[in-house]
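*Asks:* One predicted model, sequence on top.
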2 protein chains.
Amino acid sequence: MDQVDDILAQWNRERPDLDVAPMGLIGRANRVSQHLGREMEKTFAAHGLNFASFDVLATLRRSGPPYSLSPGDLSATMMITSGTMTNRVDQLEKAGLVERRLNPDDRRSFIVSLTDKGFATIDAAVTDHVATQTRIVSMLSKEEQAALDALLSKFLVSFESV
Amino acid sequence: MDQVDDILAQWNRERPDLDVAPMGLIGRANRVSQHLGREMEKTFAAHGLNFASFDVLATLRRSGPPYSLSPGDLSATMMITSGTMTNRVDQLEKAGLVERRLNPDDRRSFIVSLTDKGFATIDAAVTDHVATQTRIVSMLSKEEQAALDALLSKFLVSFESV
DNA sequence: ATCGAGTATCTTGACTTCAAGATAATCCAT
DNA sequence: ATGGATTATCTTGAAGTCAAGATACTCGAT
(Lines give C-alpha, C1' and ligand atoms only; values in the text may rest on other atoms or scores of the structure.)
Protein backbone atom coordinates (compact mmCIF):
# COMPACT_ATOMS: atom_id res chain seq x y z
CA MET A 1 0.00 0.00 0.00
CA ASP A 2 1.58 3.26 -1.10
CA GLN A 3 0.51 6.71 -2.21
CA VAL A 4 -0.05 5.50 -5.74
CA ASP A 5 -2.76 3.15 -4.52
CA ASP A 6 -4.69 6.13 -3.21
CA ILE A 7 -4.47 7.79 -6.58
CA LEU A 8 -5.68 4.69 -8.37
CA ALA A 9 -8.62 4.33 -5.99
CA GLN A 10 -9.66 7.89 -6.81
CA TRP A 11 -9.52 7.25 -10.53
CA ASN A 12 -11.50 4.07 -10.07
CA ARG A 13 -14.26 6.00 -8.41
CA GLU A 14 -14.27 8.88 -10.87
CA ARG A 15 -13.49 7.05 -14.08
CA PRO A 16 -14.42 3.37 -13.62
CA ASP A 17 -14.16 2.95 -17.39
CA LEU A 18 -10.36 3.22 -17.24
CA ASP A 19 -8.03 0.32 -16.52
CA VAL A 20 -5.60 1.96 -14.15
CA ALA A 21 -3.15 -0.91 -13.68
CA PRO A 22 -0.65 0.54 -16.20
CA MET A 23 -0.94 3.91 -14.52
CA GLY A 24 0.00 2.31 -11.23
CA LEU A 25 3.06 0.63 -12.62
CA ILE A 26 4.29 3.73 -14.41
CA GLY A 27 3.45 6.03 -11.53
CA ARG A 28 5.44 3.90 -9.14
CA ALA A 29 8.38 3.72 -11.51
CA ASN A 30 8.47 7.49 -11.76
CA ARG A 31 8.17 8.02 -8.05
CA VAL A 32 10.85 5.50 -7.25
CA SER A 33 13.13 7.19 -9.73
CA GLN A 34 12.44 10.58 -8.21
CA HIS A 35 13.21 9.31 -4.71
CA LEU A 36 16.39 7.64 -5.94
CA GLY A 37 17.54 10.82 -7.62
CA ARG A 38 17.08 12.94 -4.54
CA GLU A 39 18.85 10.47 -2.34
CA MET A 40 21.84 10.27 -4.62
CA GLU A 41 22.11 14.02 -5.06
CA LYS A 42 23.09 14.18 -1.40
CA THR A 43 26.17 12.08 -2.06
CA PHE A 44 27.08 14.14 -5.11
CA ALA A 45 26.70 17.36 -3.17
CA ALA A 46 29.16 16.09 -0.56
CA HIS A 47 31.77 16.12 -3.33
CA GLY A 48 30.75 19.45 -4.82
CA LEU A 49 28.92 17.78 -7.68
CA ASN A 50 25.39 17.27 -8.91
CA PHE A 51 23.96 14.50 -11.03
CA ALA A 52 24.91 16.27 -14.25
CA SER A 53 28.54 16.81 -13.39
CA PHE A 54 28.92 13.41 -11.77
CA ASP A 55 27.55 11.82 -14.90
CA VAL A 56 30.13 13.45 -17.15
CA LEU A 57 33.08 12.78 -14.86
CA ALA A 58 31.99 9.19 -14.34
CA THR A 59 31.71 8.60 -18.06
CA LEU A 60 35.23 9.89 -18.59
CA ARG A 61 36.56 7.87 -15.67
CA ARG A 62 35.09 4.55 -16.71
CA SER A 63 36.20 5.02 -20.32
CA GLY A 64 39.72 4.29 -19.03
CA PRO A 65 43.00 6.01 -19.92
CA PRO A 66 43.50 8.61 -21.23
CA TYR A 67 40.11 9.61 -19.74
CA SER A 68 39.25 11.60 -22.82
CA LEU A 69 36.13 11.66 -24.99
CA SER A 70 34.51 14.07 -27.41
CA PRO A 71 31.26 15.76 -26.35
CA GLY A 72 29.47 13.55 -28.84
CA ASP A 73 30.94 10.40 -27.35
CA LEU A 74 30.08 11.65 -23.90
CA SER A 75 26.45 12.27 -24.71
CA ALA A 76 26.06 8.97 -26.55
CA THR A 77 25.06 7.13 -23.41
CA MET A 78 23.57 10.09 -21.59
CA MET A 79 20.07 10.80 -22.89
CA ILE A 80 20.73 14.54 -23.17
CA THR A 81 20.90 17.04 -26.00
CA SER A 82 24.07 18.59 -27.38
CA GLY A 83 23.26 21.97 -25.85
CA THR A 84 23.02 20.38 -22.43
CA MET A 85 26.37 18.69 -22.97
CA THR A 86 27.96 22.01 -23.85
CA ASN A 87 26.68 23.50 -20.65
CA ARG A 88 27.84 20.58 -18.53
CA VAL A 89 31.35 20.68 -19.92
CA ASP A 90 31.46 24.46 -19.48
CA GLN A 91 30.67 24.10 -15.79
CA LEU A 92 33.22 21.35 -15.26
CA GLU A 93 35.88 23.26 -17.13
CA LYS A 94 35.21 26.31 -14.99
CA ALA A 95 35.64 24.12 -11.90
CA GLY A 96 38.94 22.78 -13.20
CA LEU A 97 37.73 19.19 -13.31
CA VAL A 98 38.03 18.71 -17.07
CA GLU A 99 39.89 20.31 -19.96
CA ARG A 100 38.58 20.93 -23.45
CA ARG A 101 41.14 20.73 -26.23
CA LEU A 102 40.91 20.81 -30.01
CA ASN A 103 40.77 17.42 -31.68
CA PRO A 104 43.71 17.34 -34.12
CA ASP A 105 41.99 14.70 -36.26
CA ASP A 106 38.67 16.46 -36.71
CA ARG A 107 38.44 20.18 -36.22
CA ARG A 108 34.68 20.09 -35.84
CA SER A 109 35.05 18.37 -32.53
CA PHE A 110 36.80 18.70 -29.20
CA ILE A 111 38.34 16.34 -26.74
CA VAL A 112 37.24 16.57 -23.14
CA SER A 113 39.71 15.14 -20.62
CA LEU A 114 39.72 14.61 -16.88
CA THR A 115 42.24 16.76 -15.05
CA ASP A 116 44.12 15.28 -12.10
CA LYS A 117 41.71 17.10 -9.85
CA GLY A 118 38.79 15.72 -11.83
CA PHE A 119 40.16 12.20 -11.55
CA ALA A 120 40.59 12.44 -7.80
CA THR A 121 37.15 13.95 -7.39
CA ILE A 122 35.29 11.33 -9.38
CA ASP A 123 37.19 8.43 -7.85
CA ALA A 124 36.26 9.53 -4.35
CA ALA A 125 32.71 10.39 -5.37
CA VAL A 126 31.99 7.12 -7.09
CA THR A 127 33.16 5.14 -4.07
CA ASP A 128 30.69 7.01 -1.89
CA HIS A 129 28.06 6.81 -4.56
CA VAL A 130 28.20 3.03 -4.73
CA ALA A 131 27.96 2.88 -0.95
CA THR A 132 24.84 5.04 -1.08
CA GLN A 133 23.32 2.91 -3.79
CA THR A 134 24.08 -0.26 -1.87
CA ARG A 135 22.37 1.17 1.18
CA ILE A 136 19.31 2.18 -0.82
CA VAL A 137 18.76 -1.10 -2.61
CA SER A 138 19.26 -3.04 0.60
CA MET A 139 15.68 -2.12 1.39
CA LEU A 140 14.96 -5.07 -0.89
CA SER A 141 16.30 -8.58 -0.42
CA LYS A 142 19.02 -9.87 -2.74
CA GLU A 143 16.43 -11.95 -4.58
CA GLU A 144 14.10 -9.01 -4.97
CA GLN A 145 16.92 -6.83 -6.21
CA ALA A 146 17.80 -9.39 -8.86
CA ALA A 147 14.20 -9.84 -9.92
CA LEU A 148 13.61 -6.10 -10.14
CA ASP A 149 16.81 -5.60 -12.07
CA ALA A 150 15.86 -8.27 -14.59
CA LEU A 151 12.41 -6.81 -15.17
CA LEU A 152 13.74 -3.29 -15.54
CA SER A 153 16.34 -4.54 -17.97
CA LYS A 154 13.70 -6.18 -20.13
CA PHE A 155 11.64 -3.01 -20.03
CA LEU A 156 14.66 -0.92 -20.91
CA VAL A 157 15.63 -3.11 -23.83
CA SER A 158 12.19 -2.64 -25.30
CA PHE A 159 12.75 1.11 -25.29
CA GLU A 160 16.30 1.18 -26.51
CA SER A 161 15.75 -1.28 -29.32
CA VAL A 162 13.34 1.08 -31.05
CA MET B 1 21.66 -6.84 -22.44
CA ASP B 2 21.15 -3.09 -22.46
CA GLN B 3 23.22 0.07 -22.40
CA VAL B 4 23.59 -0.13 -18.65
CA ASP B 5 25.42 -3.43 -18.98
CA ASP B 6 28.07 -1.69 -21.06
CA ILE B 7 28.50 0.91 -18.35
CA LEU B 8 28.86 -1.73 -15.66
CA ALA B 9 31.44 -3.61 -17.70
CA GLN B 10 33.51 -0.45 -17.94
CA TRP B 11 33.37 0.13 -14.22
CA ASN B 12 34.30 -3.47 -13.61
CA ARG B 13 37.40 -3.02 -15.67
CA GLU B 14 38.40 0.34 -14.19
CA ARG B 15 37.27 -0.16 -10.62
CA PRO B 16 37.05 -3.89 -9.89
CA ASP B 17 36.87 -3.08 -6.19
CA LEU B 18 33.32 -1.77 -6.57
CA ASP B 19 30.20 -3.94 -6.47
CA VAL B 20 28.24 -2.45 -9.33
CA ALA B 21 25.06 -4.48 -9.01
CA PRO B 22 23.21 -1.70 -7.16
CA MET B 23 24.39 0.79 -9.76
CA GLY B 24 22.86 -1.37 -12.44
CA LEU B 25 19.50 -1.58 -10.75
CA ILE B 26 19.32 2.12 -10.03
CA GLY B 27 20.66 3.09 -13.42
CA ARG B 28 18.03 1.03 -15.15
CA ALA B 29 15.27 2.44 -12.98
CA ASN B 30 16.30 5.96 -13.87
CA ARG B 31 16.57 5.25 -17.55
CA VAL B 32 13.23 3.49 -17.68
CA SER B 33 11.66 6.44 -15.92
CA GLN B 34 13.25 8.86 -18.36
CA HIS B 35 11.98 6.89 -21.35
CA LEU B 36 8.52 6.67 -19.82
CA GLY B 37 8.43 10.39 -19.23
CA ARG B 38 9.36 11.27 -22.78
CA GLU B 39 6.83 8.89 -24.23
CA MET B 40 4.03 10.26 -22.12
CA GLU B 41 4.90 13.88 -22.85
CA LYS B 42 3.84 13.21 -26.43
CA THR B 43 0.31 12.38 -25.34
CA PHE B 44 0.18 15.44 -23.09
CA ALA B 45 1.40 17.67 -25.89
CA ALA B 46 -1.42 16.45 -28.12
CA HIS B 47 -3.79 18.06 -25.62
CA GLY B 48 -1.77 21.23 -25.16
CA LEU B 49 -0.41 20.05 -21.82
CA ASN B 50 2.88 18.94 -20.33
CA PHE B 51 3.51 16.63 -17.40
CA ALA B 52 3.26 19.48 -14.91
CA SER B 53 -0.10 20.77 -16.07
CA PHE B 54 -1.50 17.30 -16.62
CA ASP B 55 -0.51 16.40 -13.09
CA VAL B 56 -2.43 19.30 -11.57
CA LEU B 57 -5.53 18.87 -13.69
CA ALA B 58 -5.57 15.14 -13.07
CA THR B 59 -5.31 15.62 -9.33
CA LEU B 60 -8.28 17.98 -9.38
CA ARG B 61 -10.27 15.66 -11.63
CA ARG B 62 -9.78 12.54 -9.56
CA SER B 63 -10.54 14.36 -6.34
CA GLY B 64 -14.19 14.32 -7.52
CA PRO B 65 -16.77 17.11 -7.36
CA PRO B 66 -16.44 20.02 -6.92
CA TYR B 67 -12.97 19.49 -8.46
CA SER B 68 -11.44 21.98 -6.06
CA LEU B 69 -8.37 21.76 -3.86
CA SER B 70 -5.99 24.18 -2.19
CA PRO B 71 -2.44 24.46 -3.56
CA GLY B 72 -1.28 22.67 -0.43
CA ASP B 73 -3.66 19.79 -0.99
CA LEU B 74 -2.62 19.66 -4.61
CA SER B 75 1.06 19.39 -3.83
CA ALA B 76 0.55 16.85 -1.06
CA THR B 77 0.83 13.94 -3.48
CA MET B 78 3.04 15.62 -6.03
CA MET B 79 6.64 15.65 -4.81
CA ILE B 80 7.11 19.32 -5.70
CA THR B 81 7.81 22.51 -3.77
CA SER B 82 5.31 25.23 -3.06
CA GLY B 83 6.99 27.60 -5.48
CA THR B 84 6.59 25.08 -8.26
CA MET B 85 2.93 24.70 -7.39
CA THR B 86 2.43 28.44 -7.61
CA ASN B 87 3.95 28.47 -11.06
CA ARG B 88 1.90 25.53 -12.27
CA VAL B 89 -1.36 27.05 -11.13
CA ASP B 90 -0.36 30.39 -12.68
CA GLN B 91 0.10 28.75 -16.07
CA LEU B 92 -3.15 26.82 -15.88
CA GLU B 93 -5.05 29.89 -14.78
CA LYS B 94 -3.63 31.84 -17.71
CA ALA B 95 -4.79 29.05 -20.03
CA GLY B 96 -8.29 29.16 -18.56
CA LEU B 97 -8.17 25.58 -17.30
CA VAL B 98 -8.43 26.36 -13.60
CA GLU B 99 -9.64 29.22 -11.42
CA ARG B 100 -8.05 30.44 -8.22
CA ARG B 101 -10.43 31.84 -5.61
CA LEU B 102 -10.03 32.94 -2.03
CA ASN B 103 -10.79 30.31 0.56
CA PRO B 104 -13.52 31.82 2.76
CA ASP B 105 -12.59 29.53 5.67
CA ASP B 106 -8.86 30.28 5.74
CA ARG B 107 -7.61 33.48 4.26
CA ARG B 108 -4.04 32.23 4.09
CA SER B 109 -5.03 29.79 1.38
CA PHE B 110 -6.74 29.62 -1.99
CA ILE B 111 -9.02 27.17 -3.71
CA VAL B 112 -8.06 25.99 -7.16
CA SER B 113 -10.94 24.66 -9.24
CA LEU B 114 -11.27 23.07 -12.65
CA THR B 115 -13.12 25.20 -15.16
CA ASP B 116 -15.46 23.52 -17.63
CA LYS B 117 -12.73 23.80 -20.19
CA GLY B 118 -10.26 22.29 -17.75
CA PHE B 119 -12.60 19.40 -17.03
CA ALA B 120 -13.11 18.63 -20.71
CA THR B 121 -9.39 18.88 -21.37
CA ILE B 122 -8.30 16.55 -18.61
CA ASP B 123 -11.02 14.00 -19.28
CA ALA B 124 -9.97 13.68 -22.89
CA ALA B 125 -6.27 13.74 -22.01
CA VAL B 126 -6.47 11.07 -19.35
CA THR B 127 -8.30 8.71 -21.69
CA ASP B 128 -5.49 9.04 -24.22
CA HIS B 129 -2.92 8.89 -21.46
CA VAL B 130 -4.15 5.55 -20.18
CA ALA B 131 -4.14 4.20 -23.72
CA THR B 132 -0.51 5.29 -24.09
CA GLN B 133 0.42 3.72 -20.79
CA THR B 134 -1.32 0.50 -21.70
CA ARG B 135 0.60 0.39 -24.95
CA ILE B 136 3.91 1.01 -23.21
CA VAL B 137 3.56 -1.59 -20.49
CA SER B 138 2.37 -4.17 -22.98
CA MET B 139 6.02 -4.63 -23.83
CA LEU B 140 5.94 -6.83 -20.74
CA SER B 141 3.61 -9.76 -20.20
CA LYS B 142 0.76 -9.44 -17.73
CA GLU B 143 2.69 -11.53 -15.22
CA GLU B 144 5.80 -9.44 -15.63
CA GLN B 145 3.80 -6.25 -15.24
CA ALA B 146 2.31 -7.52 -11.99
CA ALA B 147 5.68 -8.66 -10.67
CA LEU B 148 7.35 -5.37 -11.56
CA ASP B 149 4.52 -3.40 -10.03
CA ALA B 150 4.76 -5.35 -6.78
CA LEU B 151 8.51 -4.86 -6.50
CA LEU B 152 8.29 -1.16 -7.27
CA SER B 153 5.56 -0.81 -4.70
CA LYS B 154 7.69 -2.41 -2.04
CA PHE B 155 10.60 -0.17 -2.97
CA LEU B 156 8.35 2.86 -2.92
CA VAL B 157 6.92 2.06 0.48
CA SER B 158 10.41 1.90 1.90
CA PHE B 159 10.98 5.47 0.74
CA GLU B 160 7.66 6.94 1.71
CA SER B 161 7.59 5.38 5.14
CA VAL B 162 10.66 7.32 6.22
C1' DA C 1 38.74 20.36 -57.48
C1' DT C 2 34.17 21.49 -56.00
C1' DC C 3 29.59 21.57 -54.26
C1' DG C 4 26.07 19.79 -51.43
C1' DA C 5 24.84 16.78 -47.80
C1' DG C 6 25.98 15.40 -43.48
C1' DT C 7 28.28 15.87 -38.91
C1' DA C 8 29.89 18.06 -34.39
C1' DT C 9 29.37 21.48 -31.42
C1' DC C 10 27.80 25.82 -29.70
C1' DT C 11 24.32 29.62 -29.04
C1' DT C 12 19.95 31.47 -27.96
C1' DG C 13 15.69 31.90 -25.68
C1' DA C 14 12.09 29.79 -23.22
C1' DC C 15 10.60 26.82 -19.65
C1' DT C 16 10.49 24.22 -15.26
C1' DT C 17 12.20 23.42 -10.98
C1' DC C 18 14.18 24.36 -6.52
C1' DA C 19 15.83 26.65 -2.12
C1' DA C 20 15.42 30.37 0.67
C1' DG C 21 13.10 34.00 2.25
C1' DA C 22 8.90 37.25 2.43
C1' DT C 23 4.13 37.98 3.55
C1' DA C 24 0.03 37.20 5.79
C1' DA C 25 -3.24 34.56 8.51
C1' DT C 26 -4.27 31.11 12.10
C1' DC C 27 -3.65 28.56 16.30
C1' DC C 28 -2.60 27.90 21.03
C1' DA C 29 -0.80 28.43 25.57
C1' DT C 30 -0.90 31.66 28.79
C1' DA D 1 -7.14 38.74 24.75
C1' DT D 2 -2.31 38.37 23.15
C1' DG D 3 2.32 37.14 21.57
C1' DG D 4 4.90 33.54 19.52
C1' DA D 5 5.01 29.52 16.87
C1' DT D 6 3.11 27.49 13.00
C1' DT D 7 0.95 27.24 8.56
C1' DA D 8 -0.12 28.47 3.56
C1' DT D 9 1.24 30.58 -0.26
C1' DC D 10 3.93 33.57 -3.08
C1' DT D 11 8.35 35.84 -4.66
C1' DT D 12 13.00 35.91 -6.04
C1' DG D 13 17.12 34.36 -8.08
C1' DA D 14 19.86 30.62 -9.69
C1' DA D 15 20.28 26.43 -12.09
C1' DG D 16 19.54 22.74 -15.63
C1' DT D 17 17.29 21.26 -19.73
C1' DC D 18 15.49 21.41 -24.31
C1' DA D 19 14.38 22.69 -29.23
C1' DA D 20 15.75 25.12 -32.95
C1' DG D 21 18.96 27.32 -35.38
C1' DA D 22 23.90 28.99 -36.31
C1' DT D 23 28.60 27.97 -37.34
C1' DA D 24 32.28 25.46 -38.94
C1' DC D 25 34.24 21.41 -40.69
C1' DT D 26 34.32 16.81 -43.31
C1' DC D 27 33.04 13.56 -46.73
C1' DG D 28 31.68 11.78 -51.09
C1' DA D 29 29.92 12.01 -55.69
C1' DT D 30 30.75 14.13 -59.70
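*Replies:* Right, received. Where do you want to start? Numbering: from 1, shown residues only, chains lettered A, B, ... in the order given.
*Asks:* Check the secondary structure at the residue of chain A found nearest DNA strand C for me.
*Replies:* In chain A, the residue found nearest to DNA strand C is residue A:72; the distance is 2.2 Å by C-beta to the nearest atom of the strand. The C-beta positions use only the backbone N, C-alpha and C, and glycine is treated the same way. Classification of residue A:72 using DSSP: H, G, I helix; E, B strand; the rest coil returns helix.
*Asks:* what about the nearest residue to it once chain neighbours are set aside, neighbour count?
*Replies:* Closest residue in space to residue A:72, ignoring its immediate chain neighbours: residue A:109 at 6.6 Å, by C-beta to C-beta, 6 or more residues apart in numbering or on different chains. When neighbours are counted by other C-beta atoms under 10 Å in any protein chain shown, residue A:109 registers 13.
*Asks:* Equivalent analysis for residue A:17, please.
*Replies:* As a burial measure, residue A:17 scores 7 neighbours (other C-beta under 10 Å).
*Asks:* ok, now residue A:116?
*Replies:* Neighbour count for residue A:116, taken as other C-beta under 10 Å: 9.
*Asks:* Check residue A:23 too.
*Replies:* 21.
*Asks:* hang on, isn't it packed against residue B:131?
*Replies:* No: judged on C-beta atoms under 8 Å, residue A:23 makes no contact with residue B:131 at a distance of 11.0 Å.
*Asks:* Now residue A:19: which helix or strand?
*Replies:* Assigning secondary structure by DSSP states H and E places residue A:19 outside every helix and strand.
*Asks:* isn't it right next to residue B:131, touching?
*Replies:* No: with contact defined as C-beta under 8 Å, residue A:19 does not reach residue B:131; the gap is 9.8 Å.
*Asks:* And the residue of chain A that's closest to DNA strand D?
*Replies:* Counting by C-beta to the nearest atom of the strand, chain A gets nearest DNA strand D through residue A:83, at 2.9 Å.
*Asks:* can you tell if the strand or helix carrying that residue touches chain B?
*Replies:* Residue A:83 is part of helix A:82-94 when elements are defined by DSSP H and E. No: legend: contact between helix A:82-94 and chain B by C-beta under 8 Å from any C-beta of the partner chain is lacking; minimum distance shown is 13.0 Å.
*Asks:* Fine by me, we can end here.
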